[in-house]
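> Model the following, please.
(one chain, ligands or ions: 1)
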Amino acid sequence: MTTRLLGLCGSLRSNSWNAALLRAAAELAPNGTAFETTDLHDIPLYDQDHDELAGGSSGTPTAVITLRERIAWADGLVISSPEHNWSFSAVIKNALDWCSRPAFASVLQGRPTLLLGASGGPAGTGRAQLHLRQVLLSTRTPVLLDSVQLGNAADCIDASGRLHHQPTRDHLAALLAELALTCGEDRSTAAVGEVSR
Ligand SMILES: Cc1cc2nc3c(=O)[nH]c(=O)nc-3n(C[C@H](O)[C@H](O)[C@H](O)COP(=O)(O)O)c2cc1C
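From the prediction side, this is the model:
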């Protein structure tokens, strides 16, 4: 059975290093996986009046419905976010807020997730990922303990947007294999009714 992985990019920048990590993830995902990414450009700012899963009655934006459907399609998620002022990007926070309702029964609940991040400085988005882990705890989204935290990204991603740093490629490939394995384990658990999505 194919394991479906969905990438979400926290940067809207055309030459984004974080988008480059997701392209590498698509290349390096193990056999037996389908890796797709979803576009967050059209997701509006969160507005509860427009969130019918949170009591709103003004109509949920089409882009949000599509995003929720894309996440529901996936067995696992790969979130690649830059660090913005020591936290993860507002693009990701906004997308997660839209997808977090109904509370404790949202599409985010129970979906194994891998975190990636690239930054120009040496910190490699470690601080951002700590915040992101906190938010994903609230949505009951299980996050792999290890992650990609790529510092000095300009030395590792070339002008065409390809990740060429071999140790990072190897690390990413290993984590994707772990994610796919975790998704498979969750599916077999779900089969006996212990995991609710
Ligand atoms: C508003 C803003 C805040 C930033 N804050 C941080 C930061 O806290 N830590 C860091 O390492 N880099 C920070 N950066 C630099 C980003 O790592 C850099 O812009 C990176 O290229 C963003 O990822 P992207 O290439 O995927 O767009 C910041 C950049 C911006 C625009």
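> helix/strand/coil for the residue nearest the centre of the chain?
Residue closest to the mean C-alpha point of the chain, counted by CA atoms, centre = their mean, is Ile79 at 2.1 Å. Here Ile79 is recorded as strand under DSSP: H, G, I helix; E, B strand; the rest coil.
> so what's the residue lying closest to it once chain neighbours are set aside up against?
Closest residue to Ile79 apart from its sequence neighbours, by CB to CB, 6 or more residues apart in numbering: Leu8 at 5.0 Å. To be clear about C-beta, it is placed using only N, CA and C from the backbone, and glycine gets the same treatment. Counting by CB atoms under 8 Å, 6 or more residues apart in numbering, Leu8 touches 37-38, 40, 77-80, 92, 95.
> For the protein, which segments count as strands?
Along the chain, the stretches classed as strands by DSSP state E are 3-9, 33-38, 76-80, 83-84, 87-88, 113-118, 148-150.
> So which of the ones you listed is nearest Asp170?
Closest of those to Asp170 is strand 148-150, at 10.9 Å (criterion: CB to CB).
> and that closest one, how far from the chain's centre?
Put simply, strand 148-150 sits 14 Å off its chain's centre (CA atoms, centre = their mean, to the nearest Å).
> Tell me which other helices or strands that strand touches.
helix 17-28, strand 113-118, helix 166-191 (3 or more CB pairs under 8 Å, 6 or more residues apart in numbering; DSSP states H and E).
> And the first one, how far out from the chain middle?
Taking the mean of its C-alpha atoms, helix 17-28 sits 12 Å from the chain's own mean (CA atoms, centre = their mean).
> Then the last one?
The chain centre lies 14 Å from the centre of helix 166-191; the measure is CA atoms, centre = their mean.
> Report the contact partners of Gly59.
50, 52.
> Could you do Glu83 as well?
Glu83 makes contact with 117, 119, 123, 125-128, according to CB under 8 Å, 6+ apart.
> interface residues of the chain facing the ligand?
For the chain, the residues in contact with the ligand (CB under 6 Å from any ligand atom) are 11, 13, 16-18, 82-86, 118-121, 123.
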